[in-house]
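here you go, sequence then predicted model.
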2 protein chains.
Amino acid sequence: MNSPANITDPLVLFMPSGKRGRFPVGTPVLDAARQLGVYVESVCGGRATCGRCQIEVQEGNFAKHKIVSSNEHISAKGPKEERYERVRGLPEGRRLSCSATIQGDLVIDVPQDTVINAQVVRKAAVDRHIERNPAIQLCYVEVDEPDMHKPLGDLDRLKAMLEKDWGWKDLLIAPHLIPQVQGILRKGNWGVTAAIHRDTDSSRPFIIGLWPDLKNEAYGIACDIGSTTIAMHLVSLLSGRIVASSGTSNPQIRFGEDLMSRVSYVMMNPDGREAMTKAVREAVNTLIGKVCEEGGVDRHDILDSVFVANPIMHHLFLGIDPTELGQAPFALAVSGALQYWAHDIDIEINLGGRVYLLPCIAGHVGADAAGATLSEGPYRQDKMMLLVDVGTNAEIVLGNNKRVVAASSPTGPAFEGAEISSGQRAAPGAIERVRIDPETLEPKYRVIGVDKWSDEEGFEEDAKATGVTGICGSAIIEVVAEMYLSGVISEDGVVDGSLAERSTRIIQNGRTFSYLLRDGEPRITVTQNDVRAIQLAKAALYAGVKLLMEKQGVETVDTIRFAGAFGSFIDPKYAMVLGLIPDCDLSEVKAVGNAAGTGALMALLNRGHRREIEKEVGRIEKIETALEPNFQQLFIDAMALPNKVDPFPKLAEQVKLPPRKVLAEETTGDGAPRRRSREERAARRRG
Amino acid sequence: MNSPANITDPLVLFMPSGKRGRFPVGTPVLDAARQLGVYVESVCGGRATCGRCQIEVQEGNFAKHKIVSSNEHISAKGPKEERYERVRGLPEGRRLSCSATIQGDLVIDVPQDTVINAQVVRKAAVDRHIERNPAIQLCYVEVDEPDMHKPLGDLDRLKAMLEKDWGWKDLLIAPHLIPQVQGILRKGNWGVTAAIHRDTDSSRPFIIGLWPDLKNEAYGIACDIGSTTIAMHLVSLLSGRIVASSGTSNPQIRFGEDLMSRVSYVMMNPDGREAMTKAVREAVNTLIGKVCEEGGVDRHDILDSVFVANPIMHHLFLGIDPTELGQAPFALAVSGALQYWAHDIDIEINLGGRVYLLPCIAGHVGADAAGATLSEGPYRQDKMMLLVDVGTNAEIVLGNNKRVVAASSPTGPAFEGAEISSGQRAAPGAIERVRIDPETLEPKYRVIGVDKWSDEEGFEEDAKATGVTGICGSAIIEVVAEMYLSGVISEDGVVDGSLAERSTRIIQNGRTFSYLLRDGEPRITVTQNDVRAIQLAKAALYAGVKLLMEKQGVETVDTIRFAGAFGSFIDPKYAMVLGLIPDCDLSEVKAVGNAAGTGALMALLNRGHRREIEKEVGRIEKIETALEPNFQQLFIDAMALPNKVDPFPKLAEQVKLPPRKVLAEETTGDGAPRRRSREERAARRRG
């Protein structure tokens, strides 16, 4: 089997990995894959009973590879494979690679989902190909019966067979299994399936689960613990199939809406930390129950889990006091990746189940940002990629394969609809899209739960069910951007009170003016203060981005990724009109959904991704915005729409930006923009 | 410091290890020791604050080593060492090897006990030199403060410093410490002591404890869980000093006196296993409390523990059903060495404390026998050593550095005084020594708690306090041997009823006769059944020994070790007269006390001994007496005193054995010896 390959031996190419090699005629396809380091699952160890090692022959002349591949170049089904096909069924074209042998040149496709009778795959936010190499492997063995002449213990004979059949050396075992081994071996009549956990190569492999007979499925969860929402995928570790995805509110909200109020709660209440830790762990356990129910999976079949979270959630989840994160120097108690037994932190999955946490990048750039970075991979490509996760704290990563820098910026909760007079969470009845006619200043809008635009016939009828209750985060961006584009506000964000003369939409509130978006119950307006709140938030984010661009020495970015729920709903065009993000080709601005969760999923399905992000996080340069002397100036410049000093040429190609209009604001509130003449600005740009 | 040594550099010899090397002038002695692999403790990492690295210069001309060693060849005390001496005190002649540097040729003594103000060392059964290399090391470090520009977490900076100062790479941390790290670092003002556990070289080192400032002491326990007694040493891991030794009854006795009745209890009672596991763990925890109180030690300062036990105790302690051990093939659930967190098995020491269990040798030859084997080390020497641990099951090991074989033999509880009409445990009032005058057949005896022999004046007066209540195990051996030597019983063990004519000590009970040891309240006799019980027990042991001798192809053994409490009290001469052990030079028969516990202690203080016994146990050949066809014949031959067929020439040189006397026994009970003529026996010996 391991005889040296000859130049006349058949050439075998595995897809999608592209790995190739020559193997003697008669080599099982599974062995060839293993020798090339192509990951093909197998639980039964070549007994043709688990069906996990399925492959397909791609027929045809692959000129580029100089391979003519044909089903005639693979052995006919033998008795074992035929038995499997008869008993369990084998889809058309599929073969068991442990039994099928190489007879000639082949192009072999390793399908992603080798589950027969697969349930309908839920189309989640994740549709990428994640190469599998999980930290958990199921290994079926047939253990020698006890022998008085060689009185090795049951566990010791199990270990010996796992070494002999599967190459596991120096195995450890989860302590709770020690008393169970003898019973399980006898129940399985000496045939058992062991779950082996091996994460880092420098750690000894662990037997973490043991079942009588063939155990042919194991699951994992990937979880993003957000301040507001906890999101989870339940996935088969053997096929990579996502079985269920779900989310739940973070119950810590009852201790404080935003992160800092939760830190305060810990500081003020002696048992505050403990209560919040308990709350989030219970929510995670409840969510595990939910995805298990959706997927028809027993939670004890979950053997591995990966968590990401922002630093404060990360600490609270682990039972660590987050107080230090609330004040300079924002010291993380732990930044590196962590490994636990699930029961160490009260996570209710299999007793031998494991937990892996991605590393945190910095005091305000957490394991969630690391997950998003892993998912989007700025370090994997040439383009200068800006990755933004907008939340109460925006986490910002900028870089390419040469260098990656990261920072966080305190955007505050305005983008989530808080601090906005008519703001609300995204829910039926919330306005989610807004357009303003620059001539008439009349708005039209769409509401969640209603298909029609507000100016379409029958809208009011359709909207009766939900009502029109407020403005959600994405629409806040849109309405302020539209107010700017239609001239309702100036580049400095001042509502132009003089327009009240020609439109009833402009209404006076004391010394400032508001824009009336909807007259009704409730009355929905965008006030001067609302505009200011959005300006402050977007200026903070943009200033953070600019700092990183300065660190990178670039004037523009090539591509932008919006991570997080917020990013999924906002229109990149309006984000750019507002100057939330720097100028960029609009086709290069993409929302990537819960990229943090996708990164967790990648780390769950492939332990190589764990090493990858651990290494990258070590290399990422962290910028603390509070320590940067020019952050303040960048912030002030960014208060203007889109920006006081930075040009947006690519945006201007696609959107008609209004002529500049400078208005004096009646009140001189905090954050009032510092005025600078055009000349001044031009001079700075040249400098 | 690491510059290559020159031939003209000073020569330094470390004692007692004998390791030597040349080092440049100015090299700290501690560094020289480390480079040679000489284990010198140090907690503070060369800061001259822990005082653990003390050494002494041996002055004089060591001609054999060609070294003239003098205190002038070591540097004078510097300011740090002087400060330590002033504050903490330094015994005459002692130096801190971290501060003292090599100035010329030196012979350096590394004292075993480097504790200043040491408490009086309890003289335990252990007085051997155990070279220290514990699995736990205390390491003081000064951690960098948090830095916003390099936002590594507290734990991560701690790890980095442990790598930088102490060379620990790839550290893991006990999960319960993760939330504590930030507080401990701040409490110690960034100076902390970490306890690192590293047992096997292939395992990643673990941070298992963390304390603010310098933590300068850590303890371990070595425990032997016997069926009857649990024995424990509490020892300093830093100096090797035994702080306290104690024992307690095994509370499982309430479930059954002997092992097999405990197995029956498990089989009969659904919660039996759990109840016994709980009972033994509670007893261990109580005993920990006891040794801690004796030694003035906080149980949370215990960081490591080593346990030995016979297979059934081993399984019950670990929560494993021992039923399989009660029937062929006597399958151990686990035989190899095991590692736990102490809390995994409810052992109440430091939360990060560790547990190591020595491997079991076979179904009836447990981790206790492995401990005794480690302690006595038959495999470390040329002589053919017989190592016997007498209990309900005798564990027998025979071998030398070429080959070691082991077996167990079902001796039953007779040696412990059970099944003996007047038998009792060793306690005040129990007869412990017996002599019988061969002329008058009158006995004299000594009683535990009374100094005088029974024939000395004032004995009855002195014995009033305790009474004379029965015969303990060691005296059972002695009285039966003396009965044989005085002609009261024949070589076949029959009480000679004809002697009743000349002595009132021989009294008839129905169809057999007894020997009256003491007439009083209670009346203490040795009955025919008592003699039979001892014969059965000793025959089982001897037959097991003979089987191993046959496997080794030897007719005699060179040296004999009696392990266990029983072995400590019996007189080797009488054991040999009885034919309990084979013929041997009496000066080569030694009682070694709780050798199993000593082995546990060795494994506690030196992880190298763990690897040593793990390897040896793998090499020991196990003999299952029940499977050996000639065991039955060996057993029958061994019923006679000392033996039907084996000569005892060395014993005969020192003890006048009686002329052979063959008597017919009235009753024909089980185990009645098969008769064979002298000719038959001689023929067998020649054959």
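Looks like it came in fine.

near chain B, which residues of the stretch 551-687 of chain A? Just list them.
Near chain B, the residues belonging to the stretch 551-687 of chain A are A:Lys622, A:Glu624, A:Ala626, A:Leu627 when assessed by C-beta under 8 Å from any C-beta of the partner chain. Bear in mind the C-beta positions are built from the backbone N, C-alpha and C, glycine included.

tell me where the model's unsure across chain A.
Within chain A, the stretches with pLDDT under 70 are A:1-5, A:112-128, A:661-687.

pop the domain breakdown of it in here.
Chain A breaks down into these domains under automatic domain parsing: A:11-42+A:50-109, A:136-212, A:219-357, A:372-412+A:533-686, A:416-532.

how long is the last one from one end to the other?
Terminal residues of domain A:416-532 are spaced 15 Å apart (C-alpha to C-alpha, to the nearest Å).

how far off centre is that domain?
32 Å (C-alpha atoms, centre = their mean, to the nearest Å).

up against chain B, what does the stretch 51-200 of chain A have?
A:146-156, A:159, A:170, A:172, A:175-176, A:178-179, A:181-183, A:200.

quick check on these: which are buried?
A:146, A:148, A:151-156, A:159, A:172, A:175, A:178-179, A:181-183, A:200 (16 or more other C-beta atoms under 10 Å in any protein chain shown).

mind checking how far the nearest residue to A:Trp211 once chain neighbours are set aside is from A:Tyr219?
With C-beta to C-beta, 6 or more residues apart in numbering or on different chains as the criterion, A:Trp211 has its nearest non-adjacent residue at 4.9 Å, and that residue is A:Thr193. Look at A:Thr193 and A:Tyr219: by C-beta to C-beta, to the nearest Å, they are 14 Å apart.

so those two - more neighbours on which side?
More neighbours surround A:Tyr219 than the other of A:Thr193 and A:Tyr219, with 29 against 23 (other C-beta atoms under 10 Å in any protein chain shown).

run a quick neighbour tally on the closest residue in space to the more buried one that isn't next to it in sequence.
Using C-beta to C-beta, 6+ apart and skipping residues adjacent in sequence, the residue nearest A:Tyr219 is A:Ile302, 4.7 Å away. Around A:Ile302 there are 25 other residues, counting by other C-beta under 10 Å.

just checking, A:Ile302 touches A:Cys223?
No - when contacts are counted by C-beta atoms under 8 Å, A:Ile302 is not listed as touching A:Cys223 (11.1 Å).

quick one, helices of the stretch 551-687 of chain A?
A:564-569, A:572-578, A:595-605, A:607-619, A:631-637, A:649-654, A:678-686 (DSSP state H, counting those that start in this stretch).

how about the second one: buried residues?
By that I understand helix A:572-578. A:Pro572, A:Tyr574, A:Ala575, A:Met576, A:Val577, A:Leu578.

show me what it is in contact with.
Residues from elsewhere that reach helix A:572-578 (C-beta atoms under 8 Å, 6 or more residues apart in numbering or on different chains): A:477-478, A:480-482, A:484-485, A:534, A:538, A:560, A:562, A:581, A:583-584, A:586, A:589-591, A:641-642, A:648, A:651, A:654-655, A:657.
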